[in-house]
Structure formats: C-alpha cells, structure tokens
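# mind folding the following:
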Amino acid sequence: MTPERWQQVEEVLQRALDRPPTDRASFLDAACAGDLDLRADATSLISAYEDAGDFIEQPALTHDAHLLLGNDSEHQLGREIGAYTIIERLGAGGMGEVYLAQDARLGRLVALKILPSYFASDDARLRRFQREAQAASALNHPNILTIHEVGEADDARFIATEFIEGQTLRELIGTQKLSLAEILDVTEQVASALSAAHAAGIVHRDIKPENIMRRPDGLVKILDFGIAKLVEPPAHSSASLTTRTHTEIGVVMGTVGYMSPEQARGLEVDERTDIWSLGVVLYEMLTGVQPFRGATRIDTMVAILEREPARLSEVANFLYPESGPMQHIVDKALQKVESLRYQTSTELLDDLKSVRIDLEAGSVAINNSDSPSQARRSTLSSYLAILVVAGVLLAVIAGALLYRRSLARSGSPRLAEGTSAKLYTQMSEAERLRFVADQEQRISLMMGDRPVKLNDEAVRAIKAFVDHYVAFDNHTDRHDSLGEVYGRAKPYVPLIAESFAARRVPVIIGIYLPVIESAYRDCYENQVGAKGLFQFLPETAKNYGVERDEMCDAKKMTPAAAHYIADRMAELGEDAESVTLVLVSYNRGPESVRDELRQLRGTENYERNFWTLYAHRNELDESFRRESAYYVPNFFAAAIIGENPQNFGLQQPPLSSLK
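Numbers count the residues shown, from 1 in each chain. Predicted coordinates:
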C-alpha cells in the first residue's frame, strides 16, 4: 500500500468512526464511490477497531493498520522464535500480535506477544514495548499475568507470558448473567491486583472487560499492562522507582467508555484512574450496559466529563436499591472529582468484602424481584432465612458451651484434627518429620486457599524450630516454659480473632505472630525499639494510629497489626502461598520481598511463595539469610505446637479453639 493510498484509507476510516455505527455503511457507499478495494480496506479496519473495544491509543491505530490490512499472521504458524514455536494466533492489540506458542525448554504453553518488525525503527513504540515488559515483570501477584521472558530472536522482539485458559470478562458479560456473588468475587480479585500494582507505583490505565480474564477455577487475571506507566513514587520509595514516565499532554491513552475524566482530558493520572475504570466495569457487570455511552467517541467522552450514569435501580429493574451498598460503591468509584473517589484500591476492596460478607449472611440489601410486592415477599423470605440461620447458630453455640463444660470437667484437651496424643519427644525421627509435614499442611489451609506441598528441605527447616522449642522447654531455669508462653496467649486470642476477622485476615496469623515476636509479653521491647505484642516500631505504630505511650496496650496494638497485615495482603495476595510472603514481609518489608522475587523469576522451579526464597536463600543477600530466611519456618513451628498442645505436654486446648 502506497503512502498516498494509506492516507486515503485513513481519511475515510476516521470520518466513518465519527459517525454512529448505523450510518457507517451508507457513508462508506458514498465516500468510496465505487472503489471496492477502498471500501473493503476501510470496512476491515472498522471491524478490527470495534473488536478491539474502541481502543484509541493514539497513534496506535495508524501504526497497526498496516498489520491489520497485511493479514500475514497465517505465515507465522509453525515459526520458531527462540525457544518458542507458534501454534495459533490468539489476537492483536495496540502493541502487536499475540500467539499461542510452545516453550521447547519447559514443555509448556505460553502466550507470545510479538512486536511487528516494521516497528523496530519506531523508537517511541519500541520504548512502549519495553516499558510494558518492565512494568508487568515487576509485579508478582496471583491476579496479574505472569511474565516468563522478555527477549529478541530472529529480529523479533517478544514477551512470553503464562497462557490463560478461560474467558474474558467481555465474553462472560455477553454470554451469561453473573450473580452478585460472582461479580463481587471478580471485582475483589481485580481490586487486589490493582492494590499490588499501585503499591509498586504502576497504573494500568486500561482496565476494561477485554483485559480481565477468569479461569475455569475462578481465578481472575488482569492482562496487558501495555499502556501502564510509573507514577511519582512517595518520598520513602526506593530509588528504582524514581524515574517517572510522562504522557505527552493532550495525547489520550485508554479505551473510550472506560477512561476516567482525567484521562479523557489528557491530564496526568494516578491510581484513582484505575479505580474509576474498575467502577465502570463493575457497573457493566451489575446492569449489562456501560454507564457512559454515546453515538460517537466524542459523545461518550462528553458523557464521561459531564453526565451522571443512570441509577442501578433504573437500569436493573429494582435489583439494586437506591440506597443499597452496591449503589454506594459505584457512586464513590465513579466520582468525577478524584479527591471524592476511592483514594486507594484497598479502600474499595474493603467495601466489596463487607458486601460479600453481608451477602453470605443473607443481610445485603438486594431485591431479586421486578416489583415492590415481590420485593416485600423476598424480604419476608430473607427474614425467615435469617431466623433459621440464627437458630442454627444458637444450637452451635449451645453445643460449644456444653463441650467446653465437659472439657473443663475432664481436664483433657481436645485432640487436634488428624493427630494422635503421642508426645513429640516419644516420636521417632521419621514420625516427627511426618507429623511436621502433615501439620504444616493443616496450618497452611487455615491461612488460605491453594497451600503448596513442601519438599523435604522445607519440612526439615520447620522441624528444626519445633525441635528447638522442645529443647528450649527442657531448660526452663532461665526462660519461660512453653506452657507459660502459650498460657499467656489465652486472654488475648478473642481480641485477636475479632480484630483480624474484621480485616479479613486469617486469624491463625494473628494468634501465632506474637509467639515468635514477643512470647506474648504485651510490653516487651527489643534492642531496636520495637515494642508490644506484635513488635511494631514507634513510627509504624503511629502510621496505624497508635502513639508511643499506647504501644503496651494490646487493645490498641492488635487492630493496628491486623490493619498492617491486611495492607500487605492487598499488595502480595491472599491465598496460602501469598500469605507466606506476607509473613516474611512482616519481618522484612514488602519492597524487599518483591525485589527478591524479581531476582529469582528466572530460576528453576520458581513459584511465587516464601519457599522459593528459602530454596534460593544463598543467592540472596546476607541480610535475608541472617534475618528472614527462617522467619516463616519459625512461625509454622509455633503454630504447630499451639494447635497440637497434647503432643507437647501442654495442658490447654489449641489456641485457635479459644477464639
């Protein structure tokens, strides 16, 4: 195609896109005036544009037109690029074509994004491609697409990522009606991923249904950090984030319909722009329609800047009440003034979780009806359901009270699940290893979903601490005994359970952190000035609302610790594997943990959890080996003892049963 011909195609294309979809065919008939090739080229580009979800990353459409019209993707099938063999084409975007490929080295399928060869001389596009790779590979989160490799082979620049089998949110919205529980689950996972990205100083800037995929097992992944950019880091951030990338003023980047007001105006953006876009996606999942729609792109942008979306109750046939929690969340996410919007994804995540908990309890304000009379019947049914649940709970509580009374009379503690009453000191070496391995898995399940199966080296690391505690307990002339340490925990467990449950943090974490941090001494202070049950430094305590003279107050420190750990979970993840990273970050700091994970991404048998760090501890710095490599094994050892008191001669029930 000659430059003159492309200019003609582009002119027709742009004029067609500025018309309503229903008028485009007649316009093309008139504009092309019998030039069938011109009409075919313009129609092909319009179709590709619409399939891409109105992606208006300027000037990507101009650059990609040659690729779209060339249609040479079939020639890529079977091509080998480095270690990857292309199997089939998956799609295309502003940054190039995406293929399903086979990794010959590890025998796995990957998604291979290839930058077209004629862009190699385009410095701006090349920098964008490199920035996408750097932004995405810097993130380690279960809900963010994993980058395997960034490379160049046979004059092709590529990014190899994990291959996700599943459906995009666009496909899910279009083919099935999502329940509120499913909508909350998807939105929570996306908000959790954005919290991690924002904590790393990265804004996605193109959150939309096409960039969100759900696997068959329900895990949600955010795709394509292709127009992500680093935002200004806080003063205390590491030097690695001090370089800020700027968008040229007036260049609009994003997707019409999902971009924030500040994006539509071409202004600088921060994490609140992603919150807006997620609010649009949430609205669309709830109602089936976008909140801001217009006949043309310009009309849609005007709606974003000047108009308020219809209330959920107007669009969804009374499904979501005017004053209900979902309306509140949507309203706050879609505030046009950034300062009135959710300021962090963590704030949004907290509200979403509250609605989910209410939904599971049957008390969320949603009317699954089409009329007020049906709504009243639904409300009556809800009340009856609540009464039934309350009756069951009363029965459970009564049974628990009777059980505790019988326990007190018998003087024998409850056996932990799956264990015998054999003392640990009486077990053989093989029995001890098996006992520790089994109980580690049990503790992991109490920490979250998808616990990892440990290898022998990791099990032995935990066992070494269990052995240490047992030997330590045999020399109590200078130290508190295990019975004294775990006995001190009992009055604090109900407070811990209440505070940690309120923040959606596994209670098991709150129960056993004080064992290894302070031996449950509420005013203990170490050599560096950390103080209290959870050993906060004064500046950290102050950041979480606790003054220096309040650090011995467990009622102040416990909610602060729960809040702190909840923030780390929002950054690092919530499944059992991620929670091991949360634990080591409590000792080491989240930035260090992320840096260490990045350092190890190319290693063999890489998995995103603490045990990867432990297996490669000799490749990390001395401070990790000295201060943090054994923190998580120590935690598991403390939890194994506290959850199996009868195996260690402790005359008390498991601590988690006291909550």
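# show me the strands in the chain, by range?
80-81, 84-93, 96-103, 108-115, 147-153, 156-162, 167-168, 202-203, 212-214, 220-222, 229-230 (DSSP state E).
# mind listing the strands the fourth one pairs with, and their directions?
In other words, strand 108-115. Applying DSSP bridges to the sheet, strand 108-115 is found paired with strand 96-103 (antiparallel), strand 156-162 (antiparallel).
# make JSON lines from these and add mean pLDDT, distance to F500 and mean neighbour count to it.
C-beta here means a position set from N, CA and C on the backbone, and glycine is covered the same way. Output for those, formatted as JSON lines (pLDDT from 0 to 100; distance: least, Cβ to Cβ, whole Å; neighbours: other Cβ atoms under 10 Å):
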{"stretch": "strand 96-103", "mean pLDDT": "86", "distance to F500": "41", "mean neighbour count": "21"}
{"stretch": "strand 156-162", "mean pLDDT": "85", "distance to F500": "32", "mean neighbour count": "21"}
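# looking at the ones you listed, which is closest to G257?
Between G257 and the strands paired with strand 108-115, the tightest spacing by Cβ to Cβ is seen for strand 96-103, at 22.3 Å.
# so that closest one versus strand 84-93, what angle?
Here strand 96-103 runs at 150 degrees with respect to strand 84-93, directions being taken by axes from the mean of the first three to the mean of the last three Cα atoms, to 10 degrees.
# now do strand 96-103 against strand 147-153, angle only.
100 degrees.
# neighbours of D449, just the number please.
When counting by other Cβ atoms under 10 Å, one arrives at 16 neighbours for D449.
# nearest residue to it in space, please, no chain neighbours.
Of all residues not flanking D449 in the chain, D575 sits nearest, at 4.8 Å (Cβ to Cβ, 6 or more residues apart in numbering).
# quick one: contacts for that neighbour?
If you count contacts by Cβ atoms under 8 Å, 6 or more residues apart in numbering, D575 has them with 142, 448-450.
# follow-up on the earlier one: for the strands paired with strand 108-115, which one sits closest to R170?
Using Cβ to Cβ as the measure, strand 96-103 is the one of those that comes nearest R170, at 15.5 Å.
# got the CA coordinates for that closest one in CSV?
Output of strand 96-103 as CSV, limited to C-alpha atoms (Å, rounded to 0.1, in the frame of the first residue of the first chain):
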residue,chain,number,x,y,z
GLY,A,96,1.4,-6.3,18.4
GLU,A,97,0.0,-9.7,17.7
VAL,A,98,-0.4,-12.4,20.3
TYR,A,99,0.1,-16.1,19.6
LEU,A,100,-0.2,-19.4,21.4
ALA,A,101,3.3,-21.0,21.5
GLN,A,102,5.1,-24.0,22.9
ASP,A,103,8.1,-23.4,25.1
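# from now on call the first residue 7
New numbering, starting at 7: the last item is strand 102-109.
# that strand: how far from the chain's middle?
Between the centre of strand 102-109 and the centre of its host chain there is 25 Å, according to Cα atoms, centre = their mean, to the nearest Å.
# state the distance from Q432 to I468.
19 Å (Cβ to Cβ, to the nearest Å).
# sorry, back to before: could you dump the strands of the chain to TSV with distance to V552?
Conversion of the strands of the chain to TSV gives the following (distance: least, Cβ to Cβ, whole Å):
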stretch	distance to V552
strand 86-87	55
strand 90-99	47
strand 102-109	49
strand 114-121	46
strand 153-159	39
strand 162-168	41
strand 173-174	44
strand 208-209	30
strand 218-220	38
strand 226-228	34
strand 235-236	32
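# V321 is nearest to which of those strands?
strand 218-220 (20.9 Å).
# which strands and helices lie in contact with the closest one?
Contact partners of strand 218-220 among helices and strands, from 3 or more Cβ pairs under 8 Å, 6 or more residues apart in numbering; DSSP states H and E: strand 173-174, helix 175-181, helix 186-205, strand 226-228.
# tell me the buried residues in the third one?
Under the neighbour-count criterion of 16 or more other Cβ atoms under 10 Å, helix 186-205 has 186, 189-205 buried.
# among the strands of the chain, which comes closest to S266?
strand 208-209 (10.3 Å).
# in its sheet, what does the closest one sit against?
Based on DSSP bridges, the strands next to strand 208-209 in the sheet, each with its direction, are strand 235-236 (antiparallel).
# lowest mean pLDDT across the strands of the chain, which one is that?
Sorting these by mean pLDDT places strand 235-236 lowest, at a mean of 53.
# quick one: the helices in the stretch 357-506 of the chain?
According to DSSP state H, counting those that start in this stretch, the stretch 357-506 of the chain carries its helices in the segments 378-416, 435-453, 462-479, 488-495, 499-508.
# what's the burial count for D160?
Counted with other Cβ under 10 Å, the burial measure for D160 works out to 10 neighbours.
# let me see the confidence value for it.
Looking at D160, its pLDDT is 77.
# next up, the contacts around the nearest residue to it once chain neighbours are set aside.
Nearest in space to D160, with sequence neighbours left out and distances taken as Cβ to Cβ, 6+ apart, is I87 at 5.9 Å. For I87, the residues meeting the contact criterion (Cβ under 8 Å, 6+ apart) are 107, 118, 120, 159-160, 162, 164.
# which one of these sits closest to I52?
Within the set of the contacts of I87, I120 lies nearest I52; the separation is 24.3 Å, counting by Cβ to Cβ.
# my guess is the closest one contacts F164, does it?
Yes: applying Cβ atoms under 8 Å as the test, I120 and F164 come out as touching, 5.0 Å apart.
# just so I know, which of the strands of the chain lies nearest F630?
Closest approach to F630 among these (Cβ to Cβ): strand 153-159, 23.0 Å.
# just the CA trace of the closest one, in CSV.
In CSV, the C-alpha atoms belonging to strand 153-159 read as follows (Å, rounded to 0.1, in the frame of the first residue of the first chain):
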residue,chain,number,x,y,z
ILE,A,153,5.8,-12.7,32.6
HIS,A,154,8.1,-15.6,31.8
GLU,A,155,10.6,-13.9,29.5
VAL,A,156,11.3,-10.7,27.5
GLY,A,157,13.6,-11.3,24.6
GLU,A,158,14.7,-10.8,21.0
ALA,A,159,15.3,-13.6,18.4
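# just the buried ones from the contacts of D581?
Of all these considered here, the ones buried according to neighbour count by 16+ other Cβ under 10 Å are 148, 454-455.
# now tabulate those in TSV and tack on pLDDT and distance to Q341.
Compiled in TSV, the buried ones among the contacts of D581 are given as follows (pLDDT from 0 to 100; distance: Cβ to Cβ, whole Å):
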residue	pLDDT	distance to Q341
P148	86	29
G454	87	33
D455	81	33
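# got a markdown table for those, with distance to A566 too?
A markdown table is the format used below for those (distance: Cβ to Cβ, whole Å):
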| residue | distance to A566 |
| --- | --- |
| P148 | 26 |
| G454 | 22 |
| D455 | 26 |
